[in-house]
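*Asks:* Turn this into a model:
(chains A and B)
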Amino acid sequence: MRRRMRRRLRPGTSFSSMSQTMQRGPVTGTAVKKTPSRKPFLLDLYGTAVGKKYVMAITGIIGILFIIGHMVGNLKAYIGVVEHNGEMVYDLDVYAEFLRELLVPIVPHGYALWGLRLGLIAALALHLHAAYSLTVINRRARPVRYQGARDYQVANFASRSMRWTGILVVVFIAWHLADLTWGWLNPDFEYGAVYRNLDASLSRLPVAVLYIAANIALGIHLFHGVWSLFQSMGWNNPRFNRWRRSIATGIATAVVVGNVSFPIMVLAGVIQHPAV
Amino acid sequence: MSGTLKNLTLKIWRQSGPNDSGRFDTHVIDEITDEASFLEMLDILNERLVESGEDAVVFDHDCREGICGTCSLMINGQAHGPERATATCQLHMRKFSSGDTIVIEPWRASAFPIVRDLMVDRSAFDRIVESGGFITAATGGAPDANLTPIPKPVADAAMDAAQCIGCGACVAACPNGAANLFTGAKVTHLNLLPQGQAERYQRVENMVETMDDHFGSCTNHGECEAACPKEISIDVIALMNADYRKAKTINRKSLSRA
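*Replies:* Model (predicted):
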């Protein structure tokens, strides 16, 4: 029985006449529009520009927390020498060792620090990828630019230069790691001697200028980025909206002032190895 | 107090069709009253062009009282020109002075292909509205007024968003060609009201994803808000962003999909 039906429904036979009654053209586009098949939740969310902006904002928050923590930790350079376990050592070096000892003995020495580092690397990678794909989307959205000059009303230098300040900061991060983490670019590098390495690197005038320039770029990036993340995440409330700009300005200023102080104070001799 | 403007140089974008590369044409307006609207000035130019056997400049316009959203024009690098909170039709020549050079361009975005000269096709906006810019309402006899109580501040906020006339200035002004202000306004004006709650989360999801098919992404410059003839605040973008996240995570939605 089944076999007979198959034979009868071969192409070119009565099947075509049957199909005419079965396949009607769509009445409207919306009536037959199929719900697109969904990717896994996070990929689905990341697939839209709004979702990519969430990623920009969340990874940005991770970066801001790191930058503030990094700056505050480095301020220990100003404490100079302290007595630690009966020895006179730099407080900054003690702090560096503390970071490696984090969560010991729950996890072995250095593991917690590596966990934080991996988190930061992931956040940076996602921030870069989202920025890249959003830039591609935006370029495609206006392939032919305005032929006359644009007269921007409220877009400021910070918001217009996010891509460039971002690239500057990434290049600087690579340089900074090679200088003070791996020691490749440091003239007098010794593993664990943070205070001494800091002084050795920033005593070079061009390097100090590079650090100052990179941190100003970072400050400009944060001035727009911190404000922008509230909008991207939809954190908009008349009760705190007027604080959003102040928070952005405050964080950007604090980071720039704190970080720029290090090269200046090294050059001024306030941070100097051996400390007197 | 009316005056006369003399010797205006207009650099107008001329493009014979979607596939033409286009160019600026220069026309000189010797004399015009400062009471003329910007579009009247273009009308006068067009009459002159037609009389001399040339093609008139094609531009969009309809109500000329700032409520239909048909007129466009990028004037001296600003969407709808230098007057704040108005569409091009309500821009008057008194905003300019004698001897000025005025550059007039169409909206530029891949979602708004140029039809001819200064006229663009904004039907990408219709795709966004089709995908969610409606509510399901019972038909039949007219309901009593105030049957659904709405707090006054909510009604006001919804009305502020509902002012959007869909002119496309937000997209034109956006350095990224994003339509977040338009979509945000459409999402907000329905999502704030009780009548819009039934489809609230499907609406924002569908509209954001349709928007994605056509437009760029928001980098929070705020240029759209400054260009908007209805002064719609970028707060609507934040509400859309928040609702989109909720739509993606809310439990009710996964139930409805089963």
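*Asks:* Can I take it that residue B:5 is in a strand?
*Replies:* Yes: according to DSSP: H, G, I helix; E, B strand; the rest coil, residue B:5 belongs to a strand.
*Asks:* count of neighbours near it?
*Replies:* 20 (other Cβ atoms under 10 Å in any protein chain shown). For glycine as for every other residue, the C-beta is placed from the backbone atoms N, C-alpha and C.
*Asks:* Pull the contacting residues for whatever residue of the stretch 1-150 of chain A ends up closest to chain B.
*Replies:* At 3.1 Å from chain B, residue A:141 is the closest residue in the stretch 1-150 of chain A, using Cβ to the nearest Cβ. Residue A:141 sits next to B:109-111, B:176-178, B:214-217 when contact means Cβ atoms under 8 Å, 6 or more residues apart in numbering or on different chains.
*Asks:* tell me which of those is nearest to residue B:96?
*Replies:* residue B:109 (26.1 Å; Cβ to Cβ).
*Asks:* Give the closest residue to the closest one in space, chain neighbours not counted.
*Replies:* residue B:177 (4.1 Å; Cβ to Cβ, 6 or more residues apart in numbering or on different chains).
*Asks:* confidence score at residue B:255?
*Replies:* Residue-level confidence at residue B:255 comes out at 58, pLDDT.
*Asks:* same thing with residue A:42?
*Replies:* 89.
*Asks:* So what's the residue count around residue 228?
*Replies:* Defaulting to chain A. Neighbours of residue A:228 (other Cβ under 10 Å): 25.
*Asks:* Sorry, I should have been clearer: chain B.
*Replies:* Residue B:228: 26 neighbours (other Cβ under 10 Å).
*Asks:* roughly how far apart are it and residue B:81?
*Replies:* The spacing between residue B:228 and residue B:81, counted by Cβ to Cβ, to the nearest Å, is 13 Å.
*Asks:* How about residue B:227?
*Replies:* Counting by Cβ to Cβ, the gap from residue B:227 to residue B:81 is 10 Å.
*Asks:* The stretch 1-150 of chain A against chain B: which residues are in contact?
*Replies:* For the stretch 1-150 of chain A, the residues in contact with chain B (Cβ under 8 Å from any Cβ of the partner chain) are A:30, A:41, A:44-45, A:48-54, A:134, A:137-138, A:140-150.
*Asks:* Now the buried members of those residues.
*Replies:* A:45, A:48-54, A:134, A:137-138, A:141-142, A:146, A:148, A:150 (16 or more other Cβ atoms under 10 Å in any protein chain shown).
*Asks:* May I have the phi/psi pair for the nearest residue to residue B:187 once chain neighbours are set aside?
*Replies:* Leaving out its chain neighbours, the residue that sits closest to residue B:187 by Cβ to Cβ, 6+ apart is residue B:240, at 4.6 Å. Main-chain torsions, residue B:240, degrees, to the nearest 10: phi -60, psi -40.
*Asks:* what about the helices in the chain?
*Replies:* All of this refers to chain A. A:2-8, A:15-22, A:29-32, A:41-46, A:49-74, A:91-100, A:111-141, A:157-160, A:162-180, A:194-202, A:205-233, A:241-268 (DSSP state H).
*Asks:* I was after chain B.
*Replies:* Using DSSP H, helices in chain B cover B:38-51, B:123-130, B:152-162, B:169-173, B:180-191, B:200-214, B:223-227, B:235-249, B:251-257.
*Asks:* Deepest-packed of those helices, please.
*Replies:* helix B:169-173 (a mean of 29; mean count of other Cβ atoms under 10 Å in any protein chain shown).
*Asks:* Any chance of JSON lines for the helices of chain B, columns distance to residue A:187?
*Replies:* Output for the helices of chain B, formatted as JSON lines (distance: least, Cβ to Cβ, whole Å):
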{"stretch": "helix B:38-51", "distance to residue A:187": "65"}
{"stretch": "helix B:123-130", "distance to residue A:187": "58"}
{"stretch": "helix B:152-162", "distance to residue A:187": "60"}
{"stretch": "helix B:169-173", "distance to residue A:187": "51"}
{"stretch": "helix B:180-191", "distance to residue A:187": "50"}
{"stretch": "helix B:200-214", "distance to residue A:187": "51"}
{"stretch": "helix B:223-227", "distance to residue A:187": "47"}
{"stretch": "helix B:235-249", "distance to residue A:187": "48"}
{"stretch": "helix B:251-257", "distance to residue A:187": "59"}
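*Asks:* Check those for me: which has the lowest mean pLDDT.
*Replies:* helix B:251-257 (a mean of 60).
*Asks:* Need the pLDDT of residue A:21.
*Replies:* Looking at residue A:21, the pLDDT reads 52.
*Asks:* show me the contacts for the residue nearest to residue B:109.
*Replies:* A:138, A:141-142, B:108-111, B:171, B:215-216.
*Asks:* please redo it, this time with the cut-off set to 6 Å
*Replies:* By Cβ atoms under 6 Å, 6 or more residues apart in numbering or on different chains, residue B:177 lies in contact with A:141-142, B:109, B:171, B:216.
*Asks:* From these, pick the one nearest residue A:190.
*Replies:* residue B:216 (49.6 Å).
*Asks:* And the residue nearest to the closest one when sequence neighbours are not counted, how far from residue B:214?
*Replies:* Distances taken as Cβ to Cβ, 6+ apart put residue A:141 closest to residue B:216, at 3.1 Å, once the chain neighbours are dropped. Remark: distance between residue A:141 and residue B:214 (Cβ to Cβ) = 8 Å.
*Asks:* follow-up on the earlier one: out of the helices of chain A, which is the most enclosed?
*Replies:* helix A:194-202 (a mean of 22).
*Asks:* distance of residue A:235 from chain B?
*Replies:* Relative to chain B, residue A:235 is positioned 7 Å away (Cβ to the nearest Cβ, to the nearest Å).
*Asks:* Oops, could you answer that again for residue A:165 instead?
*Replies:* To chain B, residue A:165 is 13 Å away according to Cβ to the nearest Cβ.
*Asks:* for the residue lying closest to residue B:77 once chain neighbours are set aside, what are its contacts?
*Replies:* Residue nearest to residue B:77 in three dimensions, not counting chain neighbours: residue A:151, with 3.6 Å by Cβ to Cβ, 6+ apart. If a contact means Cβ under 6 Å, 6+ apart, then residue A:151 has B:76-78 as its contacts.
*Asks:* Compare these and tell me which is most surrounded.
*Replies:* Per-residue neighbour counts (other Cβ under 10 Å) across the contacts of residue A:151 peak at residue B:78, which has 22 neighbours.
*Asks:* can you pull up the bridge partners for that one?
*Replies:* residue B:75 (DSSP bridges).
*Asks:* Quick one, grab the pLDDT at it.
*Replies:* 97.
*Asks:* follow-up on the earlier one: now, the most widely separated pair of the buried ones among the residues of the stretch 1-150 of chain A next to chain B?
*Replies:* A:45 and A:148 (38.3 Å).
*Asks:* Cheers, nothing more for now.
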